[in-house]
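**Q** no sequence on this one, just coordinates:
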């Protein structure tokens, strides 16, 4: 059983909650990755959130653990058969050497090979490490890559096992040893918001007569019945 997360223990307001869930691109769009410079951990770099990949291939968006690990992630659930690669493009604003860090986890650590292993390609070149091998959510070094500035760079996730590989985010930085937020989930969420541009986004608000949480047969039936009675209904 997972222990309560620091984020879950905080009485966060509605806007904080929506920004966290918005990382899935379900409630608010992911802003384009951008070079970010400021004070604090991971102060300068380009963040690519796996949840925002343009082509998820056979990887699935997993949203159920956002408050235990600080976001949502891509899951390679292939029942033992490697899933199709996920792909996206990112523009690196400055050419040269960039260090790559990947936030992932070995979800079943033990005296065996990690079940959720995967590889990453950047601009067609496979990074040397195998990812998904660190216990607990952690930033795993992917080594360094050289890229041309101002051009789109393709990133690919290649599942090796089909046994639930997990990828949360990929961070490009020119710092040799960046201090990246990880276990303090409130800090991690705020960091992701700054780099993604979500921190400055306005969250639209609306009022309803009835809000139904759950879109199964009962939820849909209740929503239709309420609408038939003239109520303004939100079905989540």
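**A** Sure thing, it's come through. Note that this is a predicted model, so its numbers are computed, not measured.
**Q** Quick check: next helix or strand after the helix or strand bottoming out on mean pLDDT in the chain?
**A** In the chain, no helix or strand scores lower on mean pLDDT, DSSP states H and E than strand 35-37, which sits at a mean of 44. For strand 35-37, the following helix or strand on the C-terminal side (DSSP states H and E) is strand 44-49.
**Q** any idea of the mean pLDDT for that following strand?
**A** Mean per-residue pLDDT for strand 44-49: 90.
**Q** Mind listing the strands it pairs with, and their directions?
**A** strand 35-37 (antiparallel), strand 163-173 (antiparallel) (DSSP bridges).
**Q** among those strands, which is the most enclosed?
**A** Stretch with highest mean neighbour count among these: strand 163-173 (a mean of 24; mean count of other C-beta atoms under 10 Å). For every residue, glycine as well, the C-beta is placed using N, CA and C.
**Q** got the residue ranges for the helices in this structure?
**A** Counting by DSSP state H, one finds helices in the chain at the ranges 14-22, 66-69, 185-196, 217-228.
**Q** For the second one, buried residues please.
**A** In terms of neighbour count (16 or more other C-beta atoms under 10 Å), helix 66-69 has its buried residues at 66-67, 69.
**Q** try stretch 144-164
**A** Buried-residue list, stretch 144-164, by 16+ other C-beta under 10 Å: 145, 147, 153, 155-164.
**Q** Any chance of a markdown table for those, columns distance to residue 192?
**A** A markdown table is the format used below for the buried residues of stretch 144-164 (distance: C-beta to C-beta, whole Å):
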| residue | distance to residue 192 |
| --- | --- |
| 145 | 22 |
| 147 | 22 |
| 153 | 20 |
| 155 | 17 |
| 156 | 22 |
| 157 | 18 |
| 158 | 24 |
| 159 | 24 |
| 160 | 26 |
| 161 | 27 |
| 162 | 28 |
| 163 | 27 |
| 164 | 22 |
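**Q** Can you tell me which of those residues is nearest residue 74?
**A** residue 157 (6.7 Å; C-beta to C-beta).
**Q** In contact with that closest one, which residues?
**A** Counting by C-beta atoms under 8 Å, 6 or more residues apart in numbering, residue 157 touches 50, 53, 57, 59, 74, 76, 85-87, 118-120, 165, 167.
**Q** repeat that for 6 Å
**A** Residue 157 is in contact with 85-86, 118, 167, counting by C-beta atoms under 6 Å, 6 or more residues apart in numbering.
**Q** Look up how far residue 124 lies from it.
**A** Relative to residue 124, residue 157 is positioned 14 Å away (C-beta to C-beta, to the nearest Å).
**Q** low-confidence ranges in the protein?
**A** 1-43 (pLDDT under 70).
**Q** now the strands: where do they sit in it?
**A** Under the criterion DSSP state E, the chain carries strands at the ranges 35-37, 44-49, 60-62, 73-77, 86-92, 96-104, 118-122, 125-126, 138-147, 151-159, 163-173, 210-212, 233-235.
**Q** Could you dump those strands into a markdown table and include distance to residue 196?
**A** As requested, those are exported to a markdown table (distance: least, C-beta to C-beta, whole Å):
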| stretch | distance to residue 196 |
| --- | --- |
| strand 35-37 | 9 |
| strand 44-49 | 6 |
| strand 60-62 | 16 |
| strand 73-77 | 15 |
| strand 86-92 | 12 |
| strand 96-104 | 14 |
| strand 118-122 | 19 |
| strand 125-126 | 25 |
| strand 138-147 | 17 |
| strand 151-159 | 16 |
| strand 163-173 | 10 |
| strand 210-212 | 27 |
| strand 233-235 | 25 |
